[in-house]
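**Q** predicted model and sequence below, questions to follow.
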Amino acid sequence: MAQSTVLMSQQDEATPTVRHARWQDYFQLLKPRVMSLVVFTALTGLLAARTPIHPLLGAVAVLCVAIGAGASGALNMWYDADIDAKMRRTRGRPVPAGLVKGEEAATLGVVLSLLSVMLMGMAINWLAAGLLAFTIVFYAVVYTMWLKRWTAQNIVIGGLAGALPPAIGWAAATGHAPLNAWLMVLIIFLWTPPHFWALSLYISTDYAKAGVPMLPVVKGAKETRKQVLLYSLVLIPVCIAPVFTGLGGWLYLAVSGLGGLVFLILAWRVFASNAGDAADPRAADRDLYEVKDEASAADAKDSRKALAGGARNARNLFAFSILYLFALFAALLAEAVLGLKVLELPL
Amino acid sequence: MTRRKDLDPAEKARSGRNIALGLGLAAFVVLVFVVTVVKLGGNVGPHF
């Protein structure tokens, strides 16, 4: 391992502060926060299958998914270092910060990818290993190297990589992946666009600076707000669908129904607001935000207030979307662990 | 032998990385061993 160092402060050039790469910096390459959500959804898939599996093998399956997710994160951080360096949210990551060399991140990613897929195949089964390999390649190659810099639909299609872990968990437990496993995948797949677009509405200047064609950058804030609402309208019925397919029970129905209602209200508020307009040159009343003379100062103040409200709406939806997905999978997990009866309501 | 607290920051950071790598590899070896025992467990028993 190379001794990567970084100049943390150059204010006092005589005694610059040098920080040396620690093991924690390499761990950060694995995107631990993303990994935790992936682990949670994979574990839910594994237990929602309601098929007995040796606890140690179940733990190994989840560990493999975690390592595979971490590997994709490291490959993403290697390839996207140039983009990450331009964005406030990501410029502190180990590679753009100069703590870890890009080649080291890439090597870590490749080694962990091979390790996780081989271990999954040999210890669990090759269907789960194949799905894990597909997920890693889809995220690191299809999304990171291709979609992200090419199309505004990057997170829609790329979202498949983040959606697959429940199917991997289910396949690990049973050796196959039936409709209900793919329904869990579909929930995360449809959840991703409103979740990410809500975030991109209030950090689109960062994406524009980095040249990433996120929807607000390419099509504008208004179109993004419309898409957020449309995807939310499709998402919520799909989230409730498991009670018709024998996957979710009464607890799941309550969580998906009530949470879905709140989700739709928040999505509507984003749609009706001017979230993202501050950074969008297409916004019709954008000139109102700039004070040209004293007479327009009051208008500008009102507009800024509305703008702050819009950004707050986008933040609220972003935060609630995480809570909603967590609650949905927690409900499925609780029902599986407690052995609660699933519903198969007639349509 | 130099004690860890006597090392300069660069050496301390490298030592930390090496320990983490060593622990990771040891954990992997243990994991493969335990998984092998669990996978073979059901089939080995009847032969004795």
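**A** Structure received.

**Q** residue A:70 contacts residue A:115, correct?
**A** No - judged on Cβ atoms under 8 Å, residue A:70 makes no contact with residue A:115 at a distance of 10.4 Å. In this view, the C-beta of every residue, glycine as well, is placed from N, C-alpha and C.

**Q** more neighbours, the two?
**A** With neighbours defined as other Cβ atoms under 10 Å in any protein chain shown, residue A:70 and residue A:115 compare such that residue A:70 has more, 25 against 15.

**Q** and that one, how far is that from residue A:185?
**A** Separation of residue A:70 from residue A:185 (Cβ to Cβ, to the nearest Å) stands at 20 Å.

**Q** ok so, going back, spit out the residues that contact residue A:70 and residue A:115 alike.
**A** Between them, residue A:70 and residue A:115 share no contacting residue under Cβ atoms under 8 Å, 6 or more residues apart in numbering or on different chains.

**Q** so what's the most centrally placed residue in chain B scoring on pLDDT?
**A** In chain B, the residue lying closest to the centroid (Cα atoms, centre = their mean) is residue B:26, at 1.4 Å. Looking at residue B:26, its pLDDT reads 97.

**Q** so where's chain B shaky on pLDDT?
**A** For chain B, the stretches with pLDDT under 70 are B:1-2, B:42-48.

**Q** ok, which stretches of it are helices?
**A** For chain B, applying DSSP state H gives helices covering B:9-44.

**Q** what does it put close to chain A?
**A** Neighbours of chain A within chain B, by Cβ under 8 Å from any Cβ of the partner chain: B:9-10, B:12-14, B:16-21, B:28, B:31-32, B:34-35, B:38-39.

**Q** make it 7 Å
**A** B:9-10, B:13-14, B:16-17, B:20, B:31, B:34-35, B:38 (Cβ under 7 Å from any Cβ of the partner chain).

**Q** flag every residue of the stretch 101-250 of chain A that's near chain B.
**A** residue A:123.

**Q** which residues of the stretch 101-250 of chain A fall in strands?
**A** Using DSSP state E, counting those that start in this stretch, no strands are found in the stretch 101-250 of chain A.

**Q** and the residue nearest to the centre of chain B, what does it touch?
**A** If you count contacts by Cβ atoms under 7 Å, 6 or more residues apart in numbering or on different chains, residue B:26 has none.

**Q** if I look at it, how far off is residue A:63?
**A** As judged by Cβ to Cβ, residue B:26 and residue A:63 stand 15 Å apart.

**Q** ok, now residue A:138?
**A** Distance of residue A:138 to residue A:63, given as Cβ to Cβ: 20 Å.
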